[in-house]
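[1] got a structure for you, letters missing:
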């Protein structure tokens, strides 16, 4: 399976270089805007410079959520131009005319980002990454791989997809993440991405059934009733 290792996250850039979550939830403070009055303190300037440098390296939580939400809308924003979702057509058109950044040419990068978000340390962000993976499956599930005739382009990303499902369907996950994980698992099983691999199909099925079998009494008092219903439906089915 190609480029699997490169897509797995060794050092998660979205979770920051040192996994320090203090800046992630920080509110904008007044010191972020320089004061034009008075004489600047050299010591203060040095300290501010160090803090700002760290903020550049480590994005705030709200910024990450906004960026992730923008990524979810990216495939739909490409419109109906089929070259964005057909690798052979995109390459052919780039050979015939000036180069265009077709979305399919950046599929590996997009899946890598979606996988990082789906496994980030902040659980509230994980459903965004899982939903992005579901959107990618919807858009590219039928795209053929020009380098491997008879195979689908998405087949090479099975490892990332299954890993994201495994993380989302953990028994400790919240209902929103569980529901997103169940949707992704369903899309994987019905899309043909598994290529008839019975072992992979069984693995996905076990990931779906294992947490559902462990749920004795699904109840989420902090969420609306429909959330629990959506999680319960696969179990009842």
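    Nice, thanks for sending it over. Keep in mind the model is a prediction, meaning the values are calculated, not measured.
[2] going forward, measure contacts between C-alpha atoms and count neighbours the same way
    Will do.
[3] from residue 125, how far off is residue 143?
    For residue 143, the distance to residue 125 (Cα to Cα, to the nearest Å) stands at 28 Å.
[4] meant to ask about residue 67, not that
    Residue 67 sits 11 Å away from residue 125, going by Cα to Cα.
[5] which of those two has more residues huddled nearby?
    residue 125 (19 against 11; other Cα atoms under 10 Å).
[6] now that one: phi and psi?
    phi -90, psi -20 (degrees, to the nearest 10).
[7] do you know how far it is from residue 178?
    Residue 125 sits 13 Å away from residue 178 when distances are taken as Cα to Cα.
[8] neighbours of the closest residue to residue 193 other than its chain neighbours, how many?
    Beyond its immediate neighbours in the sequence, the residue positioned closest to residue 193 (Cα to Cα, 6 or more residues apart in numbering) is residue 155, lying 5.1 Å away. One way to gauge burial is a neighbour count; for residue 155, by other Cα under 10 Å, it gives 18.
[9] so what's residue 155 up against?
    With Cα atoms under 8 Å, 6 or more residues apart in numbering as the criterion, the residues that contact residue 155 are 193, 194, 195.
[10] so, low pLDDT: which residues of the chain?
    1-58, 98, 211-237 (pLDDT under 70).
[11] circling back: adding neighbour count as columns, could you present the contacts of residue 155 in TSV?
    Compiled in TSV, these are given as follows (neighbours: other Cα atoms under 10 Å):
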residue	neighbour count
193	23
194	21
195	16
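[12] list phi and psi for residue 144.
    Per-residue torsions, residue 144: phi -80, psi 150 (degrees, to the nearest 10).
[13] show the contacting residues for it.
    Under the criterion of Cα under 8 Å, 6+ apart, the contact list for residue 144 reads 86, 87, 150, 151, 152, 153.
[14] can you flag the buried ones in those?
    For those, a burial check counting by 16 or more other Cα atoms under 10 Å picks out 86, 87, 151, 152, 153.
[15] which residues of the chain fall in helices?
    Listed in chain order, the helices of the chain (DSSP state H) span residues 4-7, 42-57, 61-77, 87-96, 107-118, 126-140, 158-168, 175-191, 198-214, 225-236.
[16] give me the distance between the residue nearest to residue 193 and residue 174.
    29 Å.
[17] got it, and residue 205?
    Residue 205 sits 20 Å away from residue 174, taking Cα to Cα as the criterion.
[18] ok, residue 79 next?
    33 Å.
[19] what about these two, which has more around it?
    residue 174 (16 against 9).
[20] that one and residue 92, how far apart?
    The gap separating residue 174 from residue 92 is 45 Å, by Cα to Cα.
[21] same check on residue 128?
    Here residue 128 is placed at a distance of 33 Å from residue 92 (Cα to Cα).
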